[in-house]
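Asks: just coords:
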């Protein structure tokens, strides 16, 4: 009989979430034994891969879906936007500390300052954007955001988008506080540091299932290795869309009723130096009616391995895979008696979404290029190529006898705190540190209070609301900007 391999923590999935949790654990308790399993040949090849996401440092600076319009024409409520920004500031502090500690390399290898712009067209959206900026102007974390309808000023902010534009009513907001983040590079650097500090990493290794014994420990099953026995005191499932499959197989009742709605994403991309040089921003706009939040159209400056490109999209599609490298059987095999009503009710309540996705699937490349021309009037097809990005699995959450389609991330954990997993998509990686601190609190409730001092060394404002303290917010943002070589 094979010797039993024993670990304190098993991390399933080699992406930004598992990497962040692993680093937190090792920084808080260097004696913790950790193993990480990744089903692909390299880590950070799914959602964390830089070409499988737009690399936006989501801080609600330009994303309208984090701050929907009011119904009565009053100032929109900034609460959710502020909450997202607060979480991103936590991430910035953590990354800043890791640079100082040597767990992350030179900041330019994973993060850069890129202005964040919101662009709208038409009287109604211009009025909304004006009220949105006015609402955010009172929030310390959004200090310095500008609003303009002046075409000359807009041409300075987004020259590529204004060139050749007609007399239509347009407006934009601009802030230089935005970032472009290479989460793939960041993930690999973190995992390299973890391996150097004793974590065991196994690639090309898929965890097929997990089983809990009466003593609360977990056994991991790999399918093709019947003689291998791996036990872990605690298990975190950061496997993207596959997290649902593994949590279902764990048998914990907390996953009952949950499902995921997979949406594929495609982008148009250009590496033409002249075009790239004429657009230095991440520009977000309004989503089409019925579109999922992750399909908000945007034209992004993207820096990967020192090379700058522009991406436009995403164009959504119907794909039953939970991962880009998944199986077409992922969705049908995830349906259970306990979540089928959630799936059915989401389908019935989101007919606009179904209609939108069907329209997206039937769109020709020519019609998709016309969508780019709404952003870049003088765009030429010869300069842009079409490619498939990552797969996103949006959370279907049980609600009464049915379910609701939920935007964001959702932590699912067992009552005994021995297993937890993450479902959902954007803002995902941008708020990974806050999410993993939540996971730690659930999985190590007895240790967490004693770790607070060490956490504050990594995240100086831990436990505080920056937006409630303008001076602290300004000081913190300036400090992290300096250490990460960002615009102050």
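Replies: Yep, that arrived. Computed from a prediction, not measured in an experiment: that's the story for all the values here.

Asks: CA atoms for contacts and neighbours, from now on please.
Replies: Fine.

Asks: what about the longest strand belonging to the chain, average pLDDT?
Replies: Taking DSSP state E as the criterion, the chain has its longest strand at strand 385-399. The predicted model gives strand 385-399 an average pLDDT of 88.

Asks: could you do stretch 418-426 as well?
Replies: Stretch 418-426 comes out at a mean pLDDT of 90.

Asks: do the same with stretch 251-262
Replies: Mean predicted lDDT for stretch 251-262 stands at 93.

Asks: give me the residues contacting it.
Replies: 241, 244, 247-248, 318-322, 331, 334-335, 338-343, 391-398, 403, 405, 412-415, 423-424 (C-alpha atoms under 8 Å, 6 or more residues apart in numbering).

Asks: and the lowest-mean-pLDDT helix or strand in the chain, which residues are buried?
Replies: Lowest mean confidence among the helices and strands of the chain (mean pLDDT, DSSP states H and E): helix 351-362, at a mean of 74. Buried residues in helix 351-362, counted by 16 or more other C-alpha atoms under 10 Å: 353-354, 356-357, 360.

Asks: residues making contact with the next helix or strand after that helix?
Replies: On the C-terminal side of helix 351-362, the nearest following helix or strand under DSSP states H and E is helix 365-375. Residues from elsewhere that reach helix 365-375 (C-alpha under 8 Å, 6+ apart): 161, 299, 312-313, 315, 379, 381.

Asks: if I look at residue 423, how far off is residue 412?
Replies: Plainly put, residue 423 is 8 Å away from residue 412 if you go by C-alpha to C-alpha, to the nearest Å.

Asks: looking at these two, which is more packed in?
Replies: residue 423 (26 against 22; other C-alpha atoms under 10 Å).

Asks: the residue nearest to the more buried one when sequence neighbours are not counted and residue 240: what is the separation?
Replies: Leaving aside its chain neighbours, residue 423 sits nearest to residue 410 (5.2 Å; criterion: C-alpha to C-alpha, 6 or more residues apart in numbering). Distance of residue 410 to residue 240, computed by C-alpha to C-alpha: 12 Å.

Asks: what touches both of the two?
Replies: 422-424.

Asks: among those, name the ones in strands.
Replies: Filtering the shared contacts of residue 410 and residue 240 for strands - DSSP E - leaves 422-424.

Asks: wait, which of those residues is closest to residue 462?
Replies: Among these, residue 422 lies closest to residue 462 (C-alpha to C-alpha), at 21.9 Å.

Asks: not counting sequence-adjacent ones, nearest residue to that closest one?
Replies: Closest to residue 422 by C-alpha to C-alpha, 6+ apart is residue 411, at 4.7 Å.

Asks: likewise residue 7?
Replies: residue 232 is the one closest to residue 7 (C-alpha to C-alpha, 6+ apart), at 4.7 Å.

Asks: export the buried residues of helix 351-362 to JSON lines and tack on distance to residue 368?
Replies: Output for the buried residues of helix 351-362, formatted as JSON lines (distance: C-alpha to C-alpha, whole Å):
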{"residue": "353", "distance to residue 368": "18"}
{"residue": "354", "distance to residue 368": "18"}
{"residue": "356", "distance to residue 368": "14"}
{"residue": "357", "distance to residue 368": "13"}
{"residue": "360", "distance to residue 368": "9"}
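
Asks: look up which helix or strand residue 75 falls in, please.
Replies: Using DSSP H and E, no helix or strand contains residue 75.

Asks: what of residue 321?
Replies: Counting by DSSP H and E, residue 321 is found in no helix or strand.

Asks: cool, residue 479 as well?
Replies: Per DSSP H and E: helix 470-483 holds residue 479.

Asks: surely the residue nearest to residue 7 is in contact with residue 6?
Replies: Yes: here residue 232 reaches residue 6: they are 5.8 Å apart, a contact under C-alpha atoms under 8 Å.
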